[in-house]
Structure formats: C-alpha cells, structure tokens
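Trainee: what's the 3D shape of this:
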Amino acid sequence: MVKTLKDIGFGLNATKNVKRFITEDGRFNINHVNKKSMFESTYSYLIRISWISFFSYVLLAYIIINSIFAIGYVAIGVDDISIYKSPNVFANFLNAFLFSAQTITTVGYGVMSPSGTLAGILAALEALIGLLSFSFTTGLLYGRFSKPKTLISFSKNFVVRPFKNKRALMIKVMNTSRNVLIKPKADVILILHKEVNGYFEPEYYNLKLERRSITFLPTTWTIVHEIDEESPFFKLTENNIAQAKAEIVVLFSYYDDAFNNEIYDVKSYLYSDLIIDKKFTKSYGYGEEGAIVLDHSMLDDVEKL
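Mentor: You can find the predicted model right below:
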C-alpha cells in the first residue's frame with residue numbers, strides 16, 4: 001500500500017487559495033514575522049545569493065559608509081583633513097569621501113591626514129569600523145566558498161507516460177559536474193489538498209519508487225513512480241489533480257567526494273509542470289573517441305513515444 005504521511009512539517013490545515021509549500025528554488029514558502037533576531041537571516045541570505053548580488057551589496061555598503069563619514073568630516077571642517085578647502089561644497093565632500101576611503105581601508109597615502117582632535121577621533125572610529133567590516137566581509141567570502149553547493153539539476157517538467165504495461169510518473173536528474181556523486185537517494189512526496197466539511201486539509205503521500213537509490217550518478221537518473229493500484233494517482237483524473245492543487249516534492253541527497261559531505265537538494269513540481277505521453281530525450285551517448293558525452297542542454301528535452 002501507498003505510505004501515507006501524517007505531517008511533513010506544514011501542518012494539517014490549509015486555505016482554499018493555498019500556495020505551493022516549496023518554492024521553485026527548493027526553499028520553504030514561509031513568511032517569517034515578529035522574529036527576535038534578523039542577523040542569522042541576513043547572514044544566510046548573503047551566503048546564498050548570487051555573486052553579482054553579493055558584490056553589489058558590498059559596493060553599496062562601502063559607498064554608504066564612506067558617504068556618512070564624509071559628511072562628518074565636512075561638518076567638522078575639511079581644512080582639518082586637507083590642505084585644500086574649496087568654496088564648492090561638492091568638491092569638499094569629494095575630498096572628504098576620498099579621505100574616508102583611504103582611512104577605512106587603512107591605505108593612508110599621506111597626502112591627507114587628520115590635524116584636528118575631532119577629525120582624529122572620527123578617523124580612529126572609522127578605522128575600527130573598517131577593520132570590523134572587512135573582517136565580516138572576509139567571513140562571508142569564506143562561507144560562500146566553503147559552503148557545499150548542489151551539483152545536480154532537475155528537469156523543468158515531470159512526465160506521465162506508459163511504462164511496463166502501466167503508466168508512470170518520471171522526473172529527470174542530471175549531474176552538472178565532474179565530481180563523483182556517491183549513493184544518490186531520492187524521496188518523492190505528493191501533497192494533495194482535499195476539502196472536508198468546508199475546510200482544506202493537506203494529505204501527504206510517500207510515493208513508491210522503482211529505485212530509491214543508485215550507486216553513482218555520473219550522467220542522468222530518471223526517477224520513476226509506477227502508477228499502479230496502490231498509487232495515489234491511480235484514481236485521480238487531471239481535473240482532480242488540478243483541483244487538489246497537487247504538489248510533488250523531491251528530496252534528493254548524495255555524498256560528494258569533493259566536499260566530503262552529504263548534500264541535499266529539494267525540488268517542487270506543480271500540475272502546470274506536467275507533460276503527458278512524452279518521454280525524456282536521452283542526454284548522453286558515446287563520442288567518436290569512445291568516451292561518454294553528456295549534453296547539459298538536453299536536460300529538459302522531451303520527445304514523442
């Protein structure tokens with residue numbers, strides 16, 4: 001019989017307009033409110049965003065901090081840090097900004113230096129903030145480089161097609177690196193939202209797979225769930241699946257020899273991602289020299305049966 005799960009952490013109650021539980025990028029679709037501390041969330045956010053976004057934030061913070069201190073130097077008097085004082089306010093601000101940049105990075109070219117007491121105190125404070133800021137940024141860089149990254153990609157869609165005189169649900173997974181992925185495992189959970197006495201209740205099913213684990217994943221693996229009499233899909237029509245706002249969640253794990261760690265990834269599919277009566281196109285084959293060639297651009301390709 002199909003294994004029914006009582007709860008996987010999302011509760012037993014839902015609303016009529018319930019959204020997917022897992023986002024497309026594999027994260028919990030949960031809005032956190034009234035959190036006591038935001039530092040942990042900020043650190044995690046800066047660790048997982050793209051490199052372009054990360055360096056954009058670093059540059060923005062650098063400009064803002066230097067601008068704040070530049071305003072302070074202008075308020076004290078630019079003649080306390082520079083031998084040249086312009087009648088132009090912007091020129092004075094620019095001079096103060098450049099001095100701030102030299103101070104916060106501890107470069108200190110020597111052309112400009114604080115001569116007054118207030119300017120010296122402000123410069124000392126900025127030097128301290130600069131050391132702390134660069135230490136924090138260095139920690140973030142280390143965290144980003146050392147954080148194990150998933151080296152697999154899931155197919156954009158899942159298919160349902162004839163298979164061994166029955167029908168089967170299939171999801172394709174591809175190794176996107178040269179790393180040796182050992183003992184890949186997959187768990188596939190179906191979430192259905194059924195209306196009971198005017199209330200919507202999620203039901204969770206652990207789908208039976210043809211194979212839950214393989215030895216290695218050098219190329220691709222098609223995860224297969226046979227739709228037999230025990231499958232929750234057996235009596236469901238396309239209309240029922242759409243009305244129940246079906247969501248398929250894939251929990252994938254493997255041991256990566258490069259990171260010496262077990263790595264997890266999550267993928268979510270909705271009814272709109274379903275392709276019927278087509279099969280995934282084979283993404284690899286043997287080249288002229290006899291080596292296997294894996295075409296990453298063919299991960300999502302499907303073809304007629």
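
Trainee: pLDDT below threshold where in the stretch 151-300 of the chain?
Mentor: Under the criterion pLDDT under 70, the flagged ranges of the stretch 151-300 of the chain are 196-199, 242.

Trainee: the strands in it, which residues?
Mentor: For the stretch 151-300 of the chain, applying DSSP state E, counting those that start in this stretch gives strands covering 152-154, 158-163, 166-175, 181-196, 199-206, 220-227, 247-256, 261-270, 274-276, 278-280, 284-286, 292-294.

Trainee: out of those strands, which gets nearest to Tyr45?
Mentor: strand 261-270 (17.8 Å; C-beta to C-beta). C-betas here are computed from N, CA, C, even on glycine.

Trainee: among the strands of the stretch 151-300 of the chain, which is nearest Phe99?
Mentor: Comparing these under C-beta to C-beta, the one sitting nearest is strand 261-270, at 45.9 Å.

Trainee: for this structure, which segments count as helices?
Mentor: Listed from the start of the chain, the chain has helices (DSSP state H) covering 39-48, 51-76, 89-104, 117-146, 238-243.

Trainee: out of those helices, which one sits most buried?
Mentor: Mean neighbour count, computed with mean count of other C-beta atoms under 10 Å, is highest for helix 89-104 among the helices of the chain, reaching a mean of 19.

Trainee: which strands or helices does that one pack on?
Mentor: Under the contact criterion of 3 or more C-beta pairs under 8 Å, 6 or more residues apart in numbering; DSSP states H and E, helix 89-104 touches helix 51-76, helix 117-146.

Trainee: can you give me the end-to-end span of stretch 297-305?
Mentor: Across stretch 297-305, the terminal residues are separated by 20 Å (C-alpha to C-alpha, to the nearest Å).

Trainee: so what touches that stretch?
Mentor: Stretch 297-305 is contacted from outside by 153, 155-157, 159, 161-162, 172, 174, 220, 275, 277-283, using C-beta atoms under 8 Å, 6 or more residues apart in numbering.

Trainee: same deal with stretch 86-104?
Mentor: Looking at what lies outside stretch 86-104 - C-beta under 8 Å, 6+ apart - the contacts are 65-67, 69-71, 73-74, 78, 81-82, 84-85, 107-109, 112, 123, 126-127, 129-130, 133.

Trainee: let's go with 7 Å and repeat that
Mentor: 65-67, 69-70, 73-74, 78, 81-82, 85, 108-109, 112, 123, 126-127, 129-130 (C-beta atoms under 7 Å, 6 or more residues apart in numbering).

Trainee: work out the gap between that stretch and the centre of the chain.
Mentor: 40 Å (C-alpha atoms, centre = their mean, to the nearest Å).

Trainee: and it, average pLDDT?
Mentor: Average pLDDT, stretch 86-104: 85.

Trainee: got the CA coordinates for it in CSV?
Mentor: Listed next in CSV are the C-alpha coordinates belonging to stretch 86-104 (Å, rounded to 0.1, in the frame of the first residue of the first chain):
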residue,chain,number,x,y,z
SER,A,86,37.3,74.6,-1.9
PRO,A,87,34.4,77.1,-1.9
ASN,A,88,32.5,74.3,-3.8
VAL,A,89,30.5,72.1,-1.3
PHE,A,90,30.6,69.1,-3.6
ALA,A,91,34.4,69.3,-4.1
ASN,A,92,34.8,69.4,-0.3
PHE,A,93,32.5,66.3,0.0
LEU,A,94,34.5,64.5,-2.6
ASN,A,95,37.8,65.3,-0.8
ALA,A,96,36.3,64.0,2.4
PHE,A,97,34.9,60.9,0.7
LEU,A,98,38.4,60.1,-0.7
PHE,A,99,40.0,60.6,2.7
SER,A,100,37.3,58.4,4.2
ALA,A,101,38.1,55.6,1.6
GLN,A,102,41.8,55.8,2.5
THR,A,103,41.0,55.6,6.2
ILE,A,104,38.5,52.8,6.1
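
Trainee: give me the neighbour count for Ile189.
Mentor: When neighbours are counted by other C-beta atoms under 10 Å, Ile189 registers 19.

Trainee: circling back: could you dump the strands of the stretch 151-300 of the chain to JSON lines with distance to Ser41?
Mentor: Shown next, in JSON lines, are those (distance: least, C-beta to C-beta, whole Å):
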{"stretch": "strand 152-154", "distance to Ser41": "26"}
{"stretch": "strand 158-163", "distance to Ser41": "32"}
{"stretch": "strand 166-175", "distance to Ser41": "30"}
{"stretch": "strand 181-196", "distance to Ser41": "26"}
{"stretch": "strand 199-206", "distance to Ser41": "26"}
{"stretch": "strand 220-227", "distance to Ser41": "32"}
{"stretch": "strand 247-256", "distance to Ser41": "23"}
{"stretch": "strand 261-270", "distance to Ser41": "19"}
{"stretch": "strand 274-276", "distance to Ser41": "34"}
{"stretch": "strand 278-280", "distance to Ser41": "38"}
{"stretch": "strand 284-286", "distance to Ser41": "40"}
{"stretch": "strand 292-294", "distance to Ser41": "37"}
